[in-house]
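Enquirer: attaching a predicted model along with its sequence, questions to come.
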Amino acid sequence: MDRLEVSVAVASEEALAAADLVVVVLQEAGSLYMKKLSIFFFLFILLGCQNYGQLSVVTNLPKLLDEVSGIQKEPNSDKIWMVNDSGNKSELYRVASEGKIEKTISINAKNYDWEDITSDDDGNIYIADFGNNNNKRKNLVILKIKKEDLLNEDGVEVEKIQFSYPNQTKFPPKKKDRFFDAESLIYKDGLLYIFTKSRVKDRYGKTMLYKVPATKGEHIATYISDYTNCSDAHCVITAAAISPDKQKVVLLTHQSVFVFTNFKGDDFFSGDIKEHTFNHISQKEGVTFKDERTLYITDEADKIGSSKLYEFVLKD
């Protein structure tokens, strides 16, 4: 998975005013005590400003989750299942909302490029091992972990749902046709839905929607439709989630979340679409519904900080 080096400073007028105050205090006070007090005050104000409009920081995540790529809230619980992407261990983590890892489950399958997770109505977990940066993979797979195995902290076996795209014939295709990376997965009514990620310059915002049965075996995915938002690199689709009542689907980018409602059947792009823009850009890669109107969102760590868990309230 690409590591996007994004560092965006967002500060309120109050934070800037506090910074000016610190400078004045440091200039006028020579004592070590006053310097320490001023620095502490400045850091307190900065940390208090880690809210970006409706997007608010819940907690920093532990270093083990610096490359968190997929999240799924556990039903009737405040716990969240999380996975890391390629280059990390084949492990599934149960994380409390305050950021503590409470359980680690070893998965008996290689982490080629785990990019998202979802769950079905019975509580089974599906891990999307279909990250495909160069569009040349032929071993795309979704790993199913049975609910009862989530109680087991030892290595667990998985069922493999293998698939291919019906409209990909070259591995890799020409650069202008590289639409077969994917980082987003949801479950609905016995089917798994895949939203692709574009690798095509000036067409980064395009995503194609496919579905496969949520059953073990080898499948050819069924193409449904496609949608395009903007075109720059921050427009790529990095995660998906479906609301508990199945009436809303959200797609995440580095800078916003798209909400799809009033769709016909399983063509999620056929209804109403609303974009909620964050006052913040980072490598956001995980999204799940906390409740019908609130999202949990995660990003990967950058060079100067840890990965974070956010909350975002969907307002009309």
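Expert: Arrived safely, thanks for sending. Predicted model only: the values in this text are computed from it and were never measured.
Enquirer: didn't Ser256 look like it was pressed against Ile273?
Expert: No - using C-beta atoms under 8 Å, Ser256 makes no contact with Ile273, being 11.7 Å away. Where you see a C-beta, it was placed from the backbone N, CA and C, and this is true even at glycine.
Enquirer: quick check, Val83 in a strand?
Expert: Yes - assignment of Val83 by DSSP: H, G, I helix; E, B strand; the rest coil places it within a strand.
Enquirer: give the burial count for it, as a bare number.
Expert: By other C-beta atoms under 10 Å, 29 other residues sit near Val83.
Enquirer: show me what contacts it?
Expert: Going by C-beta atoms under 8 Å, 6 or more residues apart in numbering, Val83 touches Val68, Ser69, Gly70, Glu91, Leu92, Tyr93, Asn111, Trp114, Ile117, Ile127.
Enquirer: can you list the weak-confidence ranges in the stretch 151-300 of the chain?
Expert: 153 (pLDDT under 70).
Enquirer: repeat that for 80
Expert: For the stretch 151-300 of the chain, the stretches flagged by pLDDT under 80 are 152-155.
Enquirer: of the contacts of Val83, closest to His219?
Expert: Nearest to His219 out of those is Ile127 (C-beta to C-beta; 16.3 Å).
Enquirer: just to revisit the earlier point, more neighbours: Ser256 and Ile273, which one.
Expert: Ranked by neighbour count (other C-beta under 10 Å), Ser256 and Ile273 place Ser256 first, with 19 against 16.
Enquirer: the more buried one pairs with what?
Expert: Thr277 (DSSP bridges).
Enquirer: so which residues of the stretch 101-250 of the chain form strands?
Expert: Using DSSP state E, counting those that start in this stretch, the strands of the stretch 101-250 of the chain run over 101-106, 116-119, 125-129, 141-145, 159-164, 181-188, 191-197, 206-213, 217-220, 222-228, 239-242, 249-252.
Enquirer: could I get those strands as CSV with mean neighbour count and distance to Phe269?
Expert: Below are the strands of the stretch 101-250 of the chain laid out as CSV (neighbours: other C-beta atoms under 10 Å; distance: least, C-beta to C-beta, whole Å):
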stretch, mean neighbour count, distance to Phe269
strand 101-106, 14, 34
strand 116-119, 26, 18
strand 125-129, 26, 19
strand 141-145, 23, 21
strand 159-164, 18, 20
strand 181-188, 24, 13
strand 191-197, 23, 10
strand 206-213, 21, 7
strand 217-220, 13, 21
strand 222-228, 15, 4
strand 239-242, 26, 12
strand 249-252, 26, 9
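Enquirer: distance to Leu309 added to those strands, as TSV?
Expert: As requested, the strands of the stretch 101-250 of the chain are arranged in TSV below (distance: least, C-beta to C-beta, whole Å):
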stretch	distance to Leu309
strand 101-106	12
strand 116-119	15
strand 125-129	19
strand 141-145	22
strand 159-164	28
strand 181-188	18
strand 191-197	22
strand 206-213	24
strand 217-220	33
strand 222-228	27
strand 239-242	13
strand 249-252	14
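Enquirer: closest to Asn152 out of these?
Expert: Of all the strands of the stretch 101-250 of the chain, strand 101-106 comes closest under C-beta to C-beta, at 6.9 Å.
Enquirer: thought Lys146 was touching Tyr126?
Expert: No - Lys146 lies out of contact with Tyr126 (C-beta under 8 Å); the separation is 10.8 Å.
Enquirer: so what sits opposite the residue nearest to Ile186 when sequence neighbours are not counted in the bridge?
Expert: Leaving aside its sequence neighbours, Ile186 sits nearest to Ile242 (C-beta to C-beta, 6 or more residues apart in numbering; 4.4 Å). Beta-bridge partners recorded for Ile242 (DSSP bridges): Val249.
Enquirer: who's in contact with Ile242?
Expert: Ile242 touches Thr118, Ile186, Tyr187, Lys188, Lys248, Val249, Val250, Phe289, counting by C-beta under 8 Å, 6+ apart.
Enquirer: got a list of what the closest residue to the fifth one other than its chain neighbours touches?
Expert: Okay, so that is Lys248. Nearest non-adjacent residue to Lys248, counting by C-beta to C-beta, 6+ apart: Thr261, 5.4 Å away. Residues in contact with Thr261 (C-beta under 8 Å, 6+ apart) are Gln247, Lys248, Gly271, Asp272, Lys274.
Enquirer: dig out what Thr261 forms beta bridges with.
Expert: Applying DSSP bridges to Thr261 gives these bridge partners: Asp272.
Enquirer: roughly how far does Ser56 sit from Asp66?
Expert: 21 Å (C-beta to C-beta, to the nearest Å).
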